[in-house]
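J.: Just the structure for this:
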Amino acid sequence: MSSITPAWRDNWARSVRLFRSFLTEQTDPVGFYSLIAEDTVELMRKHMELDGRVVADFGGSSGYYSAEFRKHGATSVVIDASYDELRLHGTQDPCAIQALAEQSPLADASVDIAFSSNLLEHVPDLAAVSDQMARVVRPGGYVVLSYTAWLGPWGGHETSPWHYLGGHRAARRYQRRHGRPPKNVFGESMYAASVAEGLRWARNQPGFELVEERPRYLPPISRFLLRIPVLREFLTWNLWLVLRRKP
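T.: A predicted model of the protein is given here:
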């Protein structure tokens, strides 16, 4: 079981703990990603059982989420397009496939859960990639999507908050300051993913029931933000979507 399970509560204290953890992402990536993975599993366990399930971890990088899924009894495979990402922190997940999410090699209806965290802001066609994840889920299974909104405070990733002046301008500023281009290059490996786009896809996905939509890092009371156009783009931070495929 997760080390944070006994004390885990879906409240403002959790939100504060998660936002503070972002300060350690560069200095302690193992601790940071492990905490986020543990928290993610707790969110998922409100809707689904992991024990005995097969999970496809799209964009799973070096496998922190998959490692946590396995702690809870799941079989998990990572699908990531980048070899460098698969070995991002010096290790590679033992069950990893190097492939584009939009060209997933997985068969139709082959997994119980299709999961992605912070992948969809890195693809040019959010809906097309989401369709691929939905395709591989069995009847009764789940699609779990989470991604960073472009207009949120962390939308430009390491170039934030200067992305509010434009993605290309923020990238040029980053290069001037650091002497190297940012890892996430706007228009090439990072795109302006919107909350509206994800909600539109999830609410109109044939054959699926939308189980949950919420800001990922905020408590459940924050769901009302998703009903307010424009404002939701700035305050959601990260959109969390859970869909269940109808039997």
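J.: lowest-pLDDT helix or strand in this structure?
T.: helix 83-86 (a mean of 59; mean pLDDT, DSSP states H and E).
J.: now the longest strand along the chain: mean pLDDT?
T.: Ranked by number of residues, the top strand in the chain under DSSP state E is strand 137-148. Mean pLDDT, strand 137-148: 98.
J.: neighbouring strands for that strand, and are they parallel or not?
T.: strand 111-117 (parallel), strand 238-245 (antiparallel) (DSSP bridges).
J.: Which residue, neighbours along the chain excluded, lies closest to the residue nearest the centre of the chain?
T.: Most central in the chain under CA atoms, centre = their mean is Ser117, positioned 1.5 Å from the mean C-alpha point. Closest residue in space to Ser117, ignoring its immediate chain neighbours: Ser146 at 4.8 Å, by CB to CB, 6 or more residues apart in numbering. Yep, even glycine has a C-beta here, placed from its N, CA and C like the rest.
J.: Check whether Ala74 really touches Glu49, as I assumed.
T.: No. Applying CB atoms under 8 Å as the test, Ala74 and Glu49 come out as separate, 9.1 Å apart.
J.: Touching, the residue nearest to the centre of the chain and Tyr65? I think so.
T.: Yes. Ser117 is within contact range of Tyr65, at 6.1 Å (criterion: CB under 8 Å).
J.: what is in contact with the two at once?
T.: Thr40 (CB atoms under 8 Å, 6 or more residues apart in numbering).
J.: Now the element after whichever helix in the chain runs longest, going C-ward?
T.: Ranked by number of residues, the top helix in the chain under DSSP state H is helix 29-44. Sequence order places strand 54-58 as the next helix or strand after helix 29-44, per DSSP states H and E.
J.: Please state the offset of that following strand from the chain centre?
T.: Relative to its chain's centre, strand 54-58 lies at 12 Å (CA atoms, centre = their mean, to the nearest Å).
J.: what's it packed up against?
T.: Strand 54-58 makes packing contacts with helix 64-71, strand 75-80, strand 111-117, helix 126-135 when contacts are defined by 3 or more CB pairs under 8 Å, 6 or more residues apart in numbering; DSSP states H and E.
J.: quick one on the thing from earlier: so how far is the longest strand of the chain from its chain's centroid?
T.: Here strand 137-148 is found 11 Å from its chain centre; the criterion is CA atoms, centre = their mean.
J.: Could you quantify the relative orientation of that strand and helix 29-44 as an angle?
T.: 130 degrees (axes from the mean of the first three to the mean of the last three CA atoms, to 10 degrees).
J.: Give me the angle between strand 137-148 and helix 126-135.
T.: Using the same axes, to 10 degrees: strand 137-148 against helix 126-135 is 150 degrees.
J.: what does the following helix or strand past strand 137-148 rub up against?
T.: Going down the chain from strand 137-148, the next helix or strand is helix 167-178, by DSSP H and E. Helix 167-178 has contacts (CB under 8 Å, 6+ apart) with 156, 158-160, 162-163, 181-182, 185-187, 190, 192.
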